[in-house]
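[1] Kindly generate the corresponding structure for this input.
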Amino acid sequence: MKYQKVGAALASFALAGLLSAPGLALAADDGDTVTIGLLSAFTGPFASFGQLQKEGAVLALEEYGNQVAGKKIEVIYADDQLDNELAVAKAKQLVEQDKVDIITGLVSGDEGLSVGDYMKGKNIPIVPMYAASEDMTMREGDPYIIRPTWTGAQPMDVFGYWLAQDKGYKKIYMIGEDYSYPYNQAGGFKRGFLRGGGEEVTTVWHPVPTSDYSSLIASIPLDQGYDAVLYNGAGSDAVAFVKQFVEFGMQDQIPLLGQSNTFEKPDLDSMPAEIVGSYSAHLTTDDLDTPNWNTFHDAFEKRWGHGPTAASEFAYGSMKMILRAIEALDGDVSDKAALAKAMLAVDLSDEPRGPVSLDDHNAAVQNVYIREVAQNDQGELYNKGLFTAKGVSQFGPYDPALYMSQPADSRSEPAGKRADMPAAMLTVEQDYELVPFGQ
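    Numbers count the residues shown, from 1 in each chain. I've put the predicted structure just below:
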């Protein structure tokens, strides 16, 4: 599946937006230092993602010796605890007090949308490392938001399509965290699953965080023809859910699937071995074996004492893109429109996770991997690659204009039954070609 170009009006989004941004002001070059604000969740239920972001970013910075084109790179790390109001307050401090040249980081979809909304009109580049709410680079996109990472729907559309086409699943029971990123993961999954021939995806939502899942698990209907349960959550929520799912003996009665982050390390290390065989889809997998991945993996493991994950790879790649853009400008970041334009021009074909390009909405086009939880000879759980879909955009196999004409993903959108899905969303000119992993 190749990314379908958007029409002429939309195709000029990035460049035209940068050249015509209202009230464009060029910040004075401070001379010897480029300041980057890295805003993330370093405490709270998603603290592991914030830490992994920092590790990936630091590795990239150290490869450059923390300087580019004679300019010192200063990074200010701000903890928003995954609280949207705090995230905006921290972003405001980074912009108004610390006078940062770039903002990066961001973990959750809600956090990304809140900060992105505050930053509109500030004319400072934002590089989301993990926040995956698609409207940051779609319906509410801004030319200063450059996202070389992902959207929540991107891998899940592939996952749903594969489960329906290859596994023959017809009905999925999904339990998920109640906020925008899981909505987008669910939206992508529903579209792919129903387009692939699935009939129904039932969704049940729970607040974040939650520690006791006993009532949710006990309520899973085992007599209504569901092919699997999909847990649409991550972090400490995922660890607690998976443990209780196994304690209830549910893995012997119905297969367990995960959203992209459910089985991510290091959380996977805290999960029981009974989940071996569970499927998920993401933009990385633990057994990638390419020169670019192996070089990155070895350097990361040497520096931090453990292997990388999607969060750390995204942070590494995002920071490398930022540093390469600064390098292309010979260290002069005073013109923020030129800085954003330089980021868009960076060659991302050597990304460790696989080649990446940016679409006309400043979002990544890349490989998606179907994965299975496996166990190595040391008894450790890891994600084993099964299939690859190449060149997947944030719009999946759909025409961008058609995709954006649909309601944004929410608790109830898109429809959960094939019979209720708009006919235009059930047929595409060319769907994914899933090739065996490693080919």
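[2] And the strands in this protein?
    All strands of the chain, identified by DSSP state E, fall at 33-40, 67-68, 71-79, 102-105, 126-128, 171-177, 200-206, 228-232, 256-258, 279-282, 357-358, 364-375, 381-392, 434-436.
[3] all helices for the stretch 151-300 of the chain, in order.
    153-165, 180-195, 214-218, 235-247, 291-304 (DSSP state H, counting those that start in this stretch).
[4] TSV please, covering those and showing distance to Val208 and mean neighbour count.
    To be clear about C-beta, it is placed using only N, CA and C from the backbone, and glycine gets the same treatment. Listed next are these as TSV, based on distance: least, C-beta to C-beta, whole Å; neighbours: other C-beta atoms under 10 Å:
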stretch	distance to Val208	mean neighbour count
helix 153-165	18	28
helix 180-195	9	28
helix 214-218	13	13
helix 235-247	6	21
helix 291-304	27	15
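[5] between these, which one is nearest to Leu434?
    helix 153-165 (6.0 Å; C-beta to C-beta).
[6] mind putting the strands of the chain in a markdown table, mean neighbour count, mean pLDDT and distance to Ile220 included?
    Conversion of the strands of the chain to a markdown table gives the following (neighbours: other C-beta atoms under 10 Å; pLDDT from 0 to 100; distance: least, C-beta to C-beta, whole Å):
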| stretch | mean neighbour count | mean pLDDT | distance to Ile220 |
| --- | --- | --- | --- |
| strand 33-40 | 24 | 97 | 34 |
| strand 67-68 | 20 | 96 | 52 |
| strand 71-79 | 18 | 97 | 36 |
| strand 102-105 | 29 | 98 | 36 |
| strand 126-128 | 28 | 97 | 34 |
| strand 171-177 | 23 | 97 | 6 |
| strand 200-206 | 19 | 98 | 9 |
| strand 228-232 | 26 | 98 | 6 |
| strand 256-258 | 26 | 98 | 10 |
| strand 279-282 | 26 | 98 | 18 |
| strand 357-358 | 19 | 98 | 40 |
| strand 364-375 | 23 | 98 | 20 |
| strand 381-392 | 21 | 98 | 23 |
| strand 434-436 | 13 | 98 | 28 |
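[7] Switch those strands over to a markdown table; also include distance to Asp350.
    Output for the strands of the chain, formatted as a markdown table (distance: least, C-beta to C-beta, whole Å):
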| stretch | distance to Asp350 |
| --- | --- |
| strand 33-40 | 21 |
| strand 67-68 | 18 |
| strand 71-79 | 20 |
| strand 102-105 | 19 |
| strand 126-128 | 18 |
| strand 171-177 | 34 |
| strand 200-206 | 37 |
| strand 228-232 | 32 |
| strand 256-258 | 29 |
| strand 279-282 | 20 |
| strand 357-358 | 12 |
| strand 364-375 | 13 |
| strand 381-392 | 16 |
| strand 434-436 | 21 |
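[8] Tell me which of the ones you listed lies nearest to Asp332.
    Nearest to Asp332, of the strands of the chain and by C-beta to C-beta, is strand 71-79 at 8.6 Å.
[9] Report the angle between the closest one and strand 33-40.
    20 degrees (axes from the mean of the first three to the mean of the last three C-alpha atoms, to 10 degrees).
[10] Identify all contacting residues around strand 71-79.
    The contact list for strand 71-79 (C-beta atoms under 8 Å, 6 or more residues apart in numbering) reads 32-43, 50, 54, 57, 61, 64, 66-67, 90-91, 93-94, 98, 100, 105, 323, 326, 331.
[11] same deal with stretch 187-199?
    151-165, 169-172, 174, 201, 230, 232, 259, 396, 409, 413-418, 421, 425-428, 431.
[12] Domain parsing of the protein, as residue ranges.
    8-150+289-362, 153-282+367-436 (automatic domain parsing).
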